[in-house]
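Trainee: this is a predicted model, with the sequence first.
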Amino acid sequence: MAFYETVFISRQDLGDAQVKELTEMASKIIKDQGGKILKTEQWGLKNLAYKINKSRKGHYTLIESDAPGAAIIELERILRLNEDVMRYMTIRLEEATKGPSIMMGGDKYRNDNKDDNTKEEAA
């Protein structure tokens, strides 16, 4: 099995409970296909870079999983058919990430990495 990171944007008029329902539905699809969920993050209601379906905002959700390819194909098929999901994207990861994503950790995570890189370059 491989590591995957799926981010989807759901409609802005959904409530927090409905967004959690969507997340649970996506997690269940992955688990039913033999995968496991490593991390789930709700990034909240954020502005979009451009209008999608006349909306300026959307609820962002991240799911990181260790799953077979068939599970991801099924997840994307369900997300494509769901009217509450505006966009989705899945990428394959080389290894599972540690800690919260940059969206959750803010600049702290990014600054820690910059400090490490500058020390290596100076050496």
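Mentor: Noted; the coordinates are in hand.
Trainee: report the buried residues of stretch 22-42.
Mentor: Buried residues in stretch 22-42, defined by neighbour count with 16 or more other Cβ atoms under 10 Å: 22, 23, 26, 27, 29, 30, 33, 35, 37, 38, 39, 41. Glycine gets a C-beta too; all of them are placed from N, C-alpha and C.
Trainee: could you dump it to CSV, C-alpha only?
Mentor: Extracted in CSV, the C-alpha atoms of stretch 22-42 (Å, rounded to 0.1, in the frame of the first residue of the first chain):
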residue,chain,number,x,y,z
LEU,A,22,-18.4,14.2,4.4
THR,A,23,-15.1,13.5,6.1
GLU,A,24,-16.4,10.5,7.9
MET,A,25,-17.9,9.2,4.6
ALA,A,26,-14.6,9.6,2.8
SER,A,27,-12.7,7.9,5.7
LYS,A,28,-15.2,5.0,5.6
ILE,A,29,-14.6,4.4,1.9
ILE,A,30,-10.9,4.1,2.5
LYS,A,31,-11.3,1.8,5.5
ASP,A,32,-13.8,-0.4,3.7
GLN,A,33,-11.3,-0.9,0.8
GLY,A,34,-8.6,-2.1,3.2
GLY,A,35,-6.8,1.2,3.9
LYS,A,36,-6.3,3.1,7.1
ILE,A,37,-6.5,6.8,8.0
LEU,A,38,-3.3,8.4,9.3
LYS,A,39,-4.4,12.0,9.7
THR,A,40,-7.6,14.1,9.2
GLU,A,41,-7.6,17.9,9.4
GLN,A,42,-10.4,20.4,9.1
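Trainee: how far is it from where the chain is centred?
Mentor: 11 Å (Cα atoms, centre = their mean, to the nearest Å).
Trainee: going forward, count from 7.
Mentor: Done: numbering now begins at 7, and the last item shifts to stretch 28-48.
Trainee: can you list the low-confidence ranges for this protein?
Mentor: 112-129 (pLDDT under 70).
Trainee: how about a cut-off of 90?
Mentor: For the chain, applying pLDDT under 90 flags the ranges 7, 59, 102-129.
Trainee: can you pull out the strands in this protein?
Mentor: Taking DSSP state E, the strands of the chain run over residues 8-17, 42-58, 61-73, 91-99.
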